[in-house]
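# mind looking at a prediction? Sequence and model below.
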Amino acid sequence: MLEQYDLGNLMVLDIETVPQYPTHNEVPEHLQELWEAKTQYQRKEETAENFYERAGIWAEFGKIVCISVGIFLNGKKTGLRVKSFAGHEEKELLIDFSKMLSSQPPSIILCAHNGKEFDFPYICRRMLINGVPFPPHLQIAGKKPWEINHLDTMELWKFGDYKNYTSLNLLTAIFDIPTSKDDIDGSQVGHVYWVEDDLPRICTYCQKDVIATAQLIRRYRGENLIAEDCITIVA
């Protein structure tokens, strides 16, 4: 599977998001009301205040604190080069990410796990909110599905089955791929950001997800994993 793709033409990415405010009490009153309305079915019996720790999932109430990308390197051994765009000022990191992506060939294919449902639309929504121009690779309005250069490793695993969500953690386990969940998981990112003030830890976690997704692509292709000494993290 995926043998038709040139690995050098793929860019793997992952994002980490957090609630826009440290606590529900600090959210402006009119947004508190909108938050309560937006999540009324997801919360069930839980209060809007207690549920706010999950606000990072929604682009209207969250923000991006890290985008990590990985590019495959061709050589005697396949390598991977990983770089992150992270910071407390979301607009600045989105501008930097947009500039980087705009400098890439239009043929570059963006790849993420659950990217079509989460990462790609989330980035687009936050760019629009922050007034950041879309790079060509994210300008999908009016395009037919087969004209969009986006690849989703979760969608590929479904093989047309729309019933189930399959986590990256589960797929790395069954394919025997080193996991990114050895420190924190997605549900803890908001706490690590707002309470522990540890953005570098979040950045490392995000980079590990990119590496895990890249390794999953290798497994999909029936190829060996990329050797650890062939993976480079760019400062």
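Alright, I've got the coordinates. Numbers count the residues shown, from 1 in each chain.
# confirm that Ile15 sits in a helix.
No. Under DSSP: H, G, I helix; E, B strand; the rest coil, Ile15 sits outside any helix and is assigned strand.
# what's near enough to touch it?
Ile15 makes contact with Ile64, Cys66, Ile67, Ser68, Phe118, Asp119, Tyr122, Ile123, Cys206, according to C-beta atoms under 8 Å, 6 or more residues apart in numbering. (Glycine included, C-beta is placed from N, CA and C.)
# hmm, try it at 7 Å
Shown in contact with Ile15 (C-beta atoms under 7 Å, 6 or more residues apart in numbering): Ile64, Cys66, Ile67, Asp119, Tyr122, Ile123.
# tell me the gap between stretch 57-74 and the middle of its chain.
Taking C-alpha atoms, centre = their mean, to the nearest Å, one finds the center of stretch 57-74 at 4 Å from the center of the full chain.
# cool, stretch 1-8 as well?
Centre-to-centre, stretch 1-8 and its host chain are 21 Å apart (C-alpha atoms, centre = their mean).
# repeat that for stretch 115-131.
The answer for stretch 115-131 is 10 Å, by C-alpha atoms, centre = their mean.
# now do stretch 3-15
Put simply, stretch 3-15 sits 14 Å off its chain's centre (C-alpha atoms, centre = their mean).
# output it as CSV, restricted to C-alpha atoms.
What follows is stretch 3-15, C-alpha atoms only, in CSV (Å, rounded to 0.1, in the frame of the first residue of the first chain):
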residue,chain,number,x,y,z
GLU,A,3,3.8,2.3,-3.1
GLN,A,4,2.7,4.9,-5.7
TYR,A,5,3.9,7.7,-3.5
ASP,A,6,7.4,9.1,-3.5
LEU,A,7,8.3,9.5,0.2
GLY,A,8,10.3,12.5,-0.6
ASN,A,9,7.1,14.2,-1.7
LEU,A,10,5.3,13.7,1.7
MET,A,11,5.3,16.1,4.6
VAL,A,12,4.0,14.5,7.9
LEU,A,13,2.6,16.9,10.4
ASP,A,14,0.9,17.0,13.8
ILE,A,15,-0.5,19.8,16.0
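# the contacts of Ile15 in helices, which ones?
Tyr122, Ile123 (DSSP state H).
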